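# Would you be able to build a 3D model of this:
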Amino acid sequence: MEEGARVSVETLFRDMAGQVDLQWAAAQQGGERSLSSEPTVALIGHLNFVHPNRIQVLGNAEMNYLRSLTDIGLRDAIAHLFSSELAAVVVANGEGVPAVLLEGAERTQTPLFTSSLPSPVLMSTLGHYLRQQLAETVSVHGVFLEVLGTGILIKGDAGVGKSELALELITRGHRLVADDVVELKHVAPETLEGSCPPLIRDFLEVRGLGILNIRFLFGEMAVKPHQNLRLIVELVHPEEIGEVGLNRLDMVASTQTILGVAIPKVRVPVAAGRNLAVLVEVAVRNHILKTRGINPVEQFIKRQQAAINGED
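Purely as a prediction, here's the structure:
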């Protein structure tokens, strides 16, 4: 979905009813209402923080509060609850639904659900679903794989050898996520999750071989539906970075920003006789070491400085 995208209440019910035991109790005509945020507990009455376009979850505390009110107070509280543009209301914990709550839902055409799950579990599960559905998304070109448990995006010009490299990595036991089109979702402040459009899932196009079904060729463990992006590997022609880039260490870390997240990037020159699969595996291992605070370049500089100073 693009930024600002929404998901309808009807879609949420279809996707999550079985998982969180949702029962549609009232106002099915309001299924086209849209959601734009994760659910929050509805604090009603004198602590009213009702937000538009949200699911309001009523747990034990809220229902006990409603039961403590007089008939007039209860009607006022329910009217106040439905005075905002709610997307839906869920009564959790298997609580009974007061008739006045059902009437308010029908009157305002606000979908009302019940669930047997405790409200914290319900909110956590629905919140995760909505964060996934409403995350800012972008499509990028490349091949996305899981290498040594790390999500890597292989980029480069057409014909540079991305698919051939991906195929060799797969034969070495790594896993394909997506070829050609990679959908990246901004699922957390510093996390992008990559997946493949359903139409081309499991397929890899290799020049000279055509379109290959990786799942059928190598088995279920050779593919993965999604993976967090941790490293970008850009295949480049040697002339693009010069002779120095081919033979010397890159002393400056490179990153590429996607959806506001800075992703580490390495540039690998493509030259005859180079084993790119091994280079990519080592690049991933080196990245993992850096995330653990181990930087080979810094270690080398310290050792060199110690040698210059005559230290042991």
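# just the helices in the stretch 1-150 of the chain please.
For the stretch 1-150 of the chain, applying DSSP state H, counting those that start in this stretch gives helices covering 9-20, 60-67, 71-81, 99-108, 119-134.
# As CSV, the ones you listed with mean neighbour count would be great.
No exception for glycine: its C-beta is placed from N, CA and C like everyone else's. Converted to CSV, the helices of the stretch 1-150 of the chain look like this (neighbours: other Cβ atoms under 10 Å):
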stretch, mean neighbour count
helix 9-20, 16
helix 60-67, 16
helix 71-81, 15
helix 99-108, 17
helix 119-134, 18
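# of these, which approaches residue 187 most closely?
With respect to residue 187, and counting by Cβ to Cβ, the nearest of the helices of the stretch 1-150 of the chain is helix 119-134 at 6.1 Å.
# relative to helix 60-67, how tilted is that closest one?
110 degrees (axes from the mean of the first three to the mean of the last three Cα atoms, to 10 degrees).
# Show me what helix 119-134 packs onto, helices and strands only.
When contacts are defined as 3 or more Cβ pairs under 8 Å, 6 or more residues apart in numbering; DSSP states H and E, helix 119-134 packs onto strand 7-8, helix 9-20, strand 40-41, strand 55-58, strand 175-188.
# what is the mean pLDDT for it?
Regarding helix 119-134, the rounded mean pLDDT is 83.
# Next: stretch 212-226.
So the average pLDDT for stretch 212-226 ends up being 96.
# strand partners of the helix or strand harbouring residue 228, parallel vs antiparallel please.
Assessed by DSSP states H and E, residue 228 sits inside strand 226-236. In the sheet, strand 226-236 lines up against strand 150-156 (parallel), strand 191-195 (antiparallel), strand 261-269 (parallel) (DSSP bridges).
# Reformat the helices of the stretch 1-150 of the chain as a markdown table; add distance to residue 142.
Output for the helices of the stretch 1-150 of the chain, formatted as a markdown table (distance: least, Cβ to Cβ, whole Å):
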| stretch | distance to residue 142 |
| --- | --- |
| helix 9-20 | 29 |
| helix 60-67 | 48 |
| helix 71-81 | 48 |
| helix 99-108 | 47 |
| helix 119-134 | 22 |
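# For this structure, which helix or strand comes out least confident on mean pLDDT?
One helix or strand of the chain scores below all others by mean pLDDT, DSSP states H and E: strand 40-41, with a mean of 46.
# Distance from stretch 152-160 to the middle of the chain?
Stretch 152-160 has its C-alpha centroid displaced from the chain centroid by 22 Å (Cα atoms, centre = their mean, to the nearest Å).
# which other residues reach it?
The contact list for stretch 152-160, computed with Cβ atoms under 8 Å, 6 or more residues apart in numbering, reads 140-146, 162, 165-166, 182, 194, 207, 229-237, 263, 270, 280, 284.
# do stretch 179-187 as well
By Cβ under 8 Å, 6+ apart, stretch 179-187 touches 131-132, 135-144, 153, 163, 166, 192-197, 200, 203-205, 229, 258-261.
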